[in-house]
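1. fold the following.
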Amino acid sequence: MLQKPLYLTICLPLVFLLCFLPWTSQAQITQAEDKAEVAKWLSYAERNISYQDDSALYYLNRVQSYLVQHPDSVLMHQLDYKKSRTYLSQGQATEALQALYAAVDLLKTLRDTATLALYTKQEAKNLFYLQDYTRAFQLTLRSDSLYLQLDTPFYNWENAKIRADIYRVHQQYDEAETELNEAQRRASLFDNRMNVGFILWHKVQLATITNNPEQQAKAIEEYLEFVGTDEILERVKPFHMGYLFDGDSPYQTIQRIERILPYYERKQNYPAMLIMLENLADLYQETHQYAHAAKSAKKALDLTASFYQTKSDFLGQLYEIYKAAGQPTQALYYLEQWKKLDDSILQVQNRSQIQELQVRYQTAQKEQEIYQLVTQNQIKDLTIAKAKRNDWILGIGLVSAVLLITLLYGINRYRRQTATTLAATNAELANSLQERELLLKEIHHRVKNNLQVISSLLYLQSQHTSDSLAIQALNEGRNRVQSMGLIHQNLYQDGHLTGVNIKTYIEKLISSLMDSYQIKPKRISWSTDLPDKTVKIDTMIPLALIINELISNAIKHGFPGERSGRIDIRLVENHHQGWRLEVQDNGAGIPAHFDPATSEGLGLELVKMFSKRLGARLTYHQNEGTLFTLLLPNLDLL
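-> Just a heads-up that it's a prediction; the model follows:
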C-alpha cells in the first residue's frame, strides 16, 4: 500500500516536468525570435528617419505594440529616442521633446552615461528648433562633459555644430566659424567623411552670409578639394553646388561670383574656376547679358586645354548663348566646333575599340599558332620514337602498327570532341542571345505593368477625391503614365526592343486619350499624317509626352462643353533640315491674354522642357483654331 503513493509521488512530477519543460523552452525561443524581429524593426526605422518618416513611424509603432505585451526598459528608451528624432524631422518639435523626455526618464535607472550624453545632445537640437537658444547652448556643454566622463573620451561634432548655429543666429560670425572648425576636427577624428563634407558645406554657407568673397572662395575651395577625394561625396556635390547662392537673385549671384573669381585666378585653381565660369555664363544668359555670357564661356573654354569632354560642354554652352542672342553666324560656328569635337571624341573611342579587337584577334592567332606548334612537336616526338623502336627492334612491327592505329583513333576522337564542343558553344551562344531578347521583353513588360499599376493607383485616388482640380491633375498624370506605358507595350509586342513604330504608337495614343476624356467620335474627329518609321526609345518617350500634352490641351481648352471639331496630327520631313511635328485643331483657340511661352502651367512646362531636351523649337499660330509646330533637328530613326 505504501509503494503506490511513493510511485505516484516520484512519477507525477517527472511527467509534469517532461511536459512543461518543452513548452517553456519553446516560449523562450519564440520570445528570443520576437526580440530579434524587434531589433530589425528598430534598424529599419533608423534607416528611414529623415528620408521616409512615415515608414519610420510604421516600424516604431510595431515595436510599441510588441512592448505593450513584453515590457523592456532598454527597448522602450530606444523607441522613444527614435520617435523623438522622427517627430523633429517632421517639424513636430514639441512632440519630439516629449518623446525625448520619456526616453531620458527610462535611461536614468540604467546609468548609461554614453547614451545620456547622446540624448542630451538631441534635447539641445530640439530646443534650438524651438528657438530656446540659451538652454540649447547649455545642454551642448553638458553633453560634452558627459562624453568626457567615459573611459574613452569622445567629442560629438554635432554639439559644436549646434553652438555654431546659435552664434550664427545671433550674428556672431567669428565664434560661429570657430565652432564649425571644432566640429570639423571632431568629425575628422570620430566620425565618417560624409559629416566632414556636411560641415565644410556649412562653412561655405557661413562665408556667404558674411559677404566676404575671399573667405567664401577659400571655403568653397576646401569643400571641393575634400569632396573630390570621396566617391560618395562626389555624388552630392552637384546638389550642394546648386544651392550655393540659394535665395539670391541672379544679379546678386553674378556679383558674388565676380568677386570670388579673382581668388581662384591668383591660386590657379582651374577646376573651381570652371565651375564658377559655367554658373556665371548661365546667369548672364538668364539675364539676357549675352556678351558677358559669351565672354565667361570663352574664358572657361580657354582653360579646358585637352580636356575634350569639358571643352565640348563649353562649346555647346557658347552655341546656346549665341543662339539666344540672335547671332546665327557665331552660333553656327560654335555648333560646328562642338559637333566636330564630339565626332573626334567618338573617333577616339572607336579607334580604341578597334585596337582592342585587333589585340584580341592577334592574341587568338598566336594562341592558335602555339597550339599547332605543340601538336606538331608531339607528332614529331612520336615519329622519332617510332623510328628508334624500328631501328632497335625490327620484330615489333605489329606492336608499332597497333600503336599507330591507337594514335590515329585518339586524334580522330579528339577532332570529334572538338567539333562537339564547338557545336555546344554555338548552341550556348544562341541560347544566350535568345535569353537576352526574352529578358529585354520581360523588362519592358514589367515596366509596362508597373506603369499600369501607377496609372491604376492614380485612378483610384481620383475616385476618392472630391476636389475637381485635384481630379483633373490626377487624370492628366494618369494620361502621361499611360503614354509611357504604351511605348513599353509596343516594344515587347512588336519584337523591336530598341525602337517604336511612330505611326502605330501615336494612333494608339490618340485613341487612348479620346477614351480617357470620354470623347465621342462624332463630336471630335481626328486624323494623322505620320511616317511608317521606327524611332529610338530615347527620342520617342519625350516626343510622346509632348504629343500627349498638346492633344490633351486641345481636347480640354479647344473644345469646351459639347463643342465639336477636328484635331490633325502631322509629322513630315522639313526640307532635309530635320522634321516638323504639327498638332492643329479648329477649336476655340488661345485666349488673347494667354501666352504659351510664358505660361507656368504644368502641361506647357513639360512641353517646353522636353522640347529643350530634344533640341527642338516650339511655335504656335492662331487661325480658326490653334496650330502648335515643333521643329526637330533629328528623329533618331532606326
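2. helices or strands up against the helix ranked longest in the chain?
-> Ordering each helix of the chain by length in residues (DSSP state H) puts helix 397-463 first. Applying 3 or more CB pairs under 8 Å, 6 or more residues apart in numbering; DSSP states H and E, one finds that helix 397-463 contacts helix 328-392, helix 468-494. (Glycine included, C-beta is placed from N, CA and C.)
3. which strands or helices does the shortest one pack on?
-> For helix 468-494, the contact count by 3+ CB pairs under 8 Å, 6+ apart identifies helix 397-463, strand 499-501, helix 502-516, helix 537-553, helix 602-614 as packing neighbours.
4. direction included, what does the shortest one pair up with?
-> This means strand 499-501. According to DSSP bridges, strand 499-501 forms sheet pairs with strand 534-536 (antiparallel).
5. quick check: end-to-end length of stretch 630-638?
-> One end of stretch 630-638 sits 21 Å from the other (CA to CA, to the nearest Å).
6. next, the buried residues of that stretch.
-> Neighbour counts over stretch 630-638 (16 or more other CB atoms under 10 Å) mark Leu630, Leu631, Leu632, Leu635 as buried.
7. return the subset of those lying in strands.
-> Cross-referencing those against strands under DSSP state E gives Leu630, Leu631, Leu632.
8. residues contacting the closest residue to Phe610 other than its chain neighbours?
-> Among residues not flanking Phe610 along the chain, Pro542 sits closest, at 3.8 Å (CB to CB, 6 or more residues apart in numbering). Pro542 makes contact with Phe610, Arg613, Leu614, according to CB atoms under 8 Å, 6 or more residues apart in numbering.
9. now for the second one: which residues touch it?
-> Shown here is Arg613, whose contacts under the criterion CB under 8 Å, 6+ apart are Pro542.
10. show me where the stretch 1-150 of the chain has its helices.
-> Assigned by DSSP state H, counting those that start in this stretch, the stretch 1-150 of the chain shows helices spanning 3-48, 53-69, 73-89, 93-108, 113-129, 133-148.
11. need the residues that contact the third one.
-> If I follow you right, that is helix 73-89. Under the criterion CB under 8 Å, 6+ apart, residues 38, 42, 45-46, 49-50, 53, 56-57, 60, 63-64, 67, 93, 95-97, 99-100, 102-104, 106-107, 109-110, 115, 118-119, 122, 125-126, 129 lie in contact with helix 73-89.
12. buried residues, it. List them.
-> Judged by neighbour count (16+ other CB under 10 Å), helix 73-89 contains these buried residues: 75-89.
13. helix 93-108 and that helix, what's the angle between them?
-> If you take axes from the mean of the first three to the mean of the last three CA atoms, to 10 degrees, helix 73-89 sits at 160 degrees to helix 93-108.
14. in CSV, list the C-alpha atoms belonging to helix 73-89.
-> Listed in CSV are the C-alpha atoms of helix 73-89, where the atom choice follows Å, rounded to 0.1, in the frame of the first residue of the first chain:
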residue,chain,number,x,y,z
SER,A,73,13.2,49.3,-20.5
VAL,A,74,16.2,49.2,-22.9
LEU,A,75,14.0,48.8,-26.0
MET,A,76,11.5,51.4,-24.6
HIS,A,77,14.0,54.2,-24.3
GLN,A,78,15.4,53.4,-27.7
LEU,A,79,11.9,53.5,-29.1
ASP,A,80,11.2,57.0,-27.5
TYR,A,81,14.5,58.3,-28.7
LYS,A,82,13.9,57.3,-32.3
LYS,A,83,10.4,58.7,-32.2
SER,A,84,11.8,62.0,-31.0
ARG,A,85,14.1,62.2,-34.0
THR,A,86,11.3,61.2,-36.4
TYR,A,87,9.0,63.9,-34.9
LEU,A,88,11.7,66.5,-35.2
SER,A,89,12.3,65.5,-38.8
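15. between that helix and helix 113-129, how many degrees?
-> Angle of helix 73-89 versus helix 113-129, following the same axes, to 10 degrees, is 20 degrees.
16. chain center to helix 73-89: distance?
-> Here the centre of helix 73-89 is set off from its chain's centre by 30 Å, with CA atoms, centre = their mean, to the nearest Å.
17. going forward, the N-terminal residue is numbered 9.
-> Understood, numbering begins at 9; the last thing we discussed is helix 81-97.
18. what average pLDDT does that helix get?
-> The predicted model assigns helix 81-97 a mean pLDDT of 87.
19. swap in the last one?
-> Confidence for helix 141-156, expressed as mean pLDDT, is 92.
20. now the fifth one
-> For helix 121-137, the per-residue pLDDT values average out at 89.
21. helices or strands next to it in the packing?
-> Using 3+ CB pairs under 8 Å, 6+ apart, the elements in contact with helix 121-137 are helix 81-97, helix 101-116, helix 141-156, helix 165-177.
22. and of those helices, who's closest to Ile413?
-> Shortest distance between Ile413 and the helices and strands packed on helix 121-137, using CB to CB, is found for helix 81-97: 81.6 Å.
23. ok, the closest residue to Val112 other than its chain neighbours - how many residues close by?
-> Spatial nearest neighbour of Val112, excluding adjacent residues (CB to CB, 6+ apart): Tyr127 at 5.4 Å. As a burial measure, Tyr127 scores 23 neighbours (other CB atoms under 10 Å).
24. ok, now the one 3 residues further on?
-> Burial of Gln130 is recorded as 23 neighbouring residues (other CB under 10 Å).
25. what's the spacing between it and Trp534?
-> Separation of Gln130 from Trp534 (CB to CB, to the nearest Å): 62 Å.
26. for Pro258, same thing?
-> Taking CB to CB, one finds Pro258 at 43 Å from Trp534.
27. repeat for Leu416
-> 77 Å.
28. please identify which of the two sits among more neighbours.
-> Set Leu416 next to Trp534 and count neighbours by other CB under 10 Å: Trp534 wins out with 20 against 10.
29. angle of the host helix or strand of that one against helix 545-561?
-> For Trp534, the host element (DSSP states H and E) is strand 532-537. Counting by the same axes, to 10 degrees, strand 532-537 lies at 150 degrees to helix 545-561.
30. please identify the pairing partners of strand 532-537 and their relative orientation?
-> Counting by DSSP bridges, strand 532-537 is paired with strand 573-581 (parallel).
31. okay, the partner strand in CSV with CA atoms only?
-> Taking Å, rounded to 0.1, in the frame of the first residue of the first chain, the C-alpha atoms of strand 573-581 are listed here in CSV:
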residue,chain,number,x,y,z
GLY,A,573,-14.4,69.9,-84.1
ARG,A,574,-11.3,68.2,-85.5
ILE,A,575,-7.7,67.5,-84.5
ASP,A,576,-5.0,66.9,-87.1
ILE,A,577,-1.5,65.5,-86.3
ARG,A,578,1.2,65.6,-88.9
LEU,A,579,4.9,64.6,-88.9
VAL,A,580,6.8,65.4,-92.1
GLU,A,581,10.4,66.0,-93.1
